[in-house]
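>>> Next come a sequence and a model predicted from it.
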Amino acid sequence: MKTFLSIKYHANHNNRAQIEGITAALRLLGWETVCVTRDIEGWGERPLSPQQLMQATFAAIDKCDLLLVELSEKGVGVGIEAGYAYGRNIPIVAIAPVGSDISTTLQGIARQVIWYDTYEEIADCLSAMLNHEDMKE
């Protein structure tokens, strides 16, 4: 399963450990992940114009089977990516740490909301969802 991780962008990459933790847990399931800051921008090594960035982002989403939107922090880019995926009929799953305040709008377009304390819980829930075919149309 190819999964696009939509997560709040930070220029100083202070959520890098979070990105790496989530993607490592999914890798244990055999899932491939794409994350803009890691894969498109190379942790800031490949700066792009806003237009180039959005073109690359949309192209990456189009190649994915699922958009996993991390909602511990709100961000305009996260909303744009989720709206784009929804418009393209790409399934969306929202994840957020237990106790987070997440957008009702994103809850409304997500097939599932996963509340987590550990990254492994995310992988376990996603695996269970696929086993129950919750991700199918």
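The structure has been received and is ready for your questions.
>>> Tell me the confidence at Lys74?
With respect to pLDDT, Lys74 scores 88.
>>> One more: Met129?
86.
>>> What is the burial count for it?
Neighbour count for Met129, taken as other Cβ atoms under 10 Å: 17. (Glycine included, C-beta is placed from N, CA and C.)
>>> What helix or strand is it located in?
Using DSSP states H and E, Met129 falls within helix 119-131.
>>> next one: that helix to chain centre, how far?
Taking Cα atoms, centre = their mean, to the nearest Å, the mean C-alpha location of helix 119-131 is offset from the chain mean by 14 Å.
>>> swap in stretch 73-81?
Centre-to-centre, stretch 73-81 and its host chain are 10 Å apart (Cα atoms, centre = their mean).
>>> Show me which positions of that stretch end up buried.
Gly75, Val78, Glu81 (16 or more other Cβ atoms under 10 Å).
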